[in-house]
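[1] Pasting the sequence and the predicted model now:
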2 protein chains.
Amino acid sequence: MNARIFIGNDRVDAVAADDRGLAYGDGLFETLRIHRGSAPWWDRHWARLSRGAERLRLPLPAPEMVRDQAWAMMAGNEAGVLKLILTRGSGGRGYALPATAVPTWILSTHALPPKVVGDGLSLRWCDTRLSIQPALAGLKHCNRLEQVLARAECGDPAHPGQHADEGLMLDTEQNVIGATAANLFVMVDGQWATPRIDRCGIAGVCRSWVLPELQACETRLTRAQVESAQAVFLCNAVRGILPVARLGESGWALHPQVSALRDRLAAAVPMFAPHNERIANA
Amino acid sequence: MNARIFIGNDRVDAVAADDRGLAYGDGLFETLRIHRGSAPWWDRHWARLSRGAERLRLPLPAPEMVRDQAWAMMAGNEAGVLKLILTRGSGGRGYALPATAVPTWILSTHALPPKVVGDGLSLRWCDTRLSIQPALAGLKHCNRLEQVLARAECGDPAHPGQHADEGLMLDTEQNVIGATAANLFVMVDGQWATPRIDRCGIAGVCRSWVLPELQACETRLTRAQVESAQAVFLCNAVRGILPVARLGESGWALHPQVSALRDRLAAAVPMFAPHNERIANA
């Protein structure tokens, strides 16, 4: 992993042992797709990070500096992932906010995740529930133990019998919210819908692109509605549109509207074109 | 801050940028009181850490090594706080557990928090709620954004008008759970009670000492029950028994049973004796 670490405006060698990100998950993160040395959705990610920082009262580093450093790290990178972690930095006794917080921020680059093979993702239902917390809902914050536990339920790719590509999570009141690392869209009675994220879940960057494209409604969804949907896909800002082929006993052929949406995304944001997918996963 | 950082059995200079503690709060912590170069409640803390690690499938470092390092750091320390953070270490792509996790653990020493002045703590009700998550309930894990937000509501000691010493938190179903960094006990109809921690909250080390001492029952408590209680105190493993004097419009004189409990704790665990409190806060 290639990483650069900063405290405020200063590049440093390492994260401090008393960083609040480490102590409390007191931070936010973004995971961006790299395409030909740049991050085409940078502005969308930065906007979400800024909104999250405001809600958590996290200090933001200088935007131009973060951007310059990110571009320096992405230079020459044809396809990959850029991760940005922002924490409240060091200090403060216990949970109390430090009087003057200087943010820690970490940029790192990673390989793209493996390409979807076959006709679509194979999903399972996770037993781990998402807790309901409006104060944190929508944010891509660093308190992710629920996702860690849920993802562990999807099993090991080395044991395909028990393995699922992704897991769907319900909240503690049995509403479907999304996958561990992607948002969910389903077609019910010819209308596209996606779970509301006002009580838990993440306001995904790709989700916000898809919503107006499909004139999708944000609603509460039951497990039965998902299982009996006419079409199902996941999306995130690294992998784009991910058709779902299987979920327990349910199965779906690639729906023409999902296929068309994928083409529209590829036209609007070329990094998601199948051609670039092949490059990325070569 | 004096700190030592380890990955498995190796002492290292710094936490890795891709540590899962930093990325996801994927870890646990303990905060122990130091007394005359040792941590008298070490075994209780280690037992809780071990139970938490089992539930989160976190690897544990070698117990003797952690203990030896802790004692080396506490040597000559009359009174203070030892913090132990344990994370799942580096690696794993995204939320998936790494195939072989080597734990990161960090020991650090800190000054004792300020002594309670006057007749007891002044509390307020926090607006931030605790979410209901049985999979994480009881654990002292590193997903603590709710406590960070709640603690920020208690205000700044520099502005005593709006300041409270601690904040009480309810869960999203309006049950009282505890303070941001302490457990809560109340006397209702002559019987001691403390909130159940099966859906959220922390299984405090001092709480587990107090429970049998007071033959307290674990129950669901409403805000009104706390406000109209005959006596109220908080407790934690660093500060012991903390009488509560005020909460909004409610006020309490020091109850003889709270005073007696404090004496019993001081007799059983001398670090909590008033004499040592004075040393600690001199």
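    Right, received. Where do you want to start?

[2] ok, A:Thr31 touching A:Gly80?
    No - assessed by CB atoms under 8 Å, A:Thr31 is found out of contact with A:Gly80, at 11.0 Å. C-beta coordinates here come from the backbone N, C-alpha and C atoms, glycine included.

[3] so who does the closest residue to chain B within the stretch 1-150 of chain A touch?
    Here the stretch 1-150 of chain A gets closest to chain B at one residue, A:Gly25, 2.6 Å apart by CB to the nearest CB. A:Gly25 is in contact with A:His141, A:Cys142, A:Asn143, A:Arg144, B:Tyr24, B:Gly25, B:Cys142, B:Asn143, B:Arg144, B:Leu145, counting by CB atoms under 8 Å, 6 or more residues apart in numbering or on different chains.

[4] Among these, name the ones in helices.
    Residues of those located in helices (DSSP state H): B:Tyr24, B:Leu145.

[5] and which of the contacts of A:Gly25 is nearest to B:Gly178?
    The nearest member of the contacts of A:Gly25 to B:Gly178, counting by CB to CB, is B:Arg144 at 13.4 Å.

[6] Excluding chain neighbours, give the residue nearest to the closest one in space.
    Nearest non-adjacent residue to B:Arg144, counting by CB to CB, 6 or more residues apart in numbering or on different chains: A:Tyr24, 3.8 Å away.

[7] now do A:Gly92
    Excluding its sequence neighbours, the residue lying closest to A:Gly92 (CB to CB, 6+ apart) is A:Pro98, at 3.8 Å.

[8] What is the burial count for that neighbour?
    Burial of A:Pro98 is recorded as 14 neighbouring residues (other CB atoms under 10 Å in any protein chain shown).

[9] and if you look at A:Asp18?
    Other residues close to A:Asp18 by other CB under 10 Å number 18.

[10] what about the helices in the stretch 1-150 of chain A?
    Taking DSSP state H, counting those that start in this stretch as the test, the helices found in the stretch 1-150 of chain A are A:20-24, A:42-56, A:63-74, A:145-152.

[11] Identify whichever of those helices lies nearest to B:Asp18.
    Nearest of these to B:Asp18, taken as CB to CB: helix A:20-24 at 12.1 Å.

[12] residues making contact with the closest one?
    Contact with helix A:20-24 is made by A:15, A:26-27, A:85, A:87-92, A:95, A:98, A:104, A:142, B:15, B:19, B:21-22, B:25, B:27, B:29, B:85, B:87, B:106, B:142-145, B:147-148, as judged by CB under 8 Å, 6+ apart.

[13] Give me the mean pLDDT for stretch A:165-172.
    Per-region confidence: stretch A:165-172 scores 97 on mean pLDDT.

[14] buried set for that stretch?
    A:Asp165, A:Glu166, A:Gly167, A:Leu168, A:Met169, A:Leu170, A:Asp171, A:Thr172 (16 or more other CB atoms under 10 Å in any protein chain shown).

[15] what's the distance between it and the middle of its chain?
    Remark: stretch A:165-172 is offset 14 Å from the chain centroid, using CA atoms, centre = their mean, to the nearest Å.

[16] just stretch A:22-40 next, same as before
    9 Å.

[17] just stretch A:116-129 next, same as before
    16 Å.

[18] which residues touch it?
    A:146, A:149-150, A:153-154, A:163-172, A:179-180, A:223, A:233-234, A:239, A:242-248, A:252-254, B:133, B:135.

[19] how about the CA coordinates for it, as PDB?
    C-alpha atoms of stretch A:116-129 as PDB (Å, rounded to 0.1, in the frame of the first residue of the first chain):
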ATOM      1  CA  VAL A 116     -17.700  -9.500 -11.200                       C
ATOM      2  CA  VAL A 117     -17.600 -12.800 -13.000                       C
ATOM      3  CA  GLY A 118     -20.500 -14.500 -14.700                       C
ATOM      4  CA  ASP A 119     -24.000 -12.900 -14.900                       C
ATOM      5  CA  GLY A 120     -24.000 -10.900 -11.700                       C
ATOM      6  CA  LEU A 121     -23.400 -11.000  -8.000                       C
ATOM      7  CA  SER A 122     -24.400 -13.700  -5.700                       C
ATOM      8  CA  LEU A 123     -25.800 -12.200  -2.400                       C
ATOM      9  CA  ARG A 124     -26.800 -13.500   0.900                       C
ATOM     10  CA  TRP A 125     -28.800 -12.100   3.900                       C
ATOM     11  CA  CYS A 126     -26.600 -11.200   6.800                       C
ATOM     12  CA  ASP A 127     -27.700 -11.900  10.400                       C
ATOM     13  CA  THR A 128     -25.900  -8.800  11.600                       C
ATOM     14  CA  ARG A 129     -28.300  -5.900  11.800                       C
END
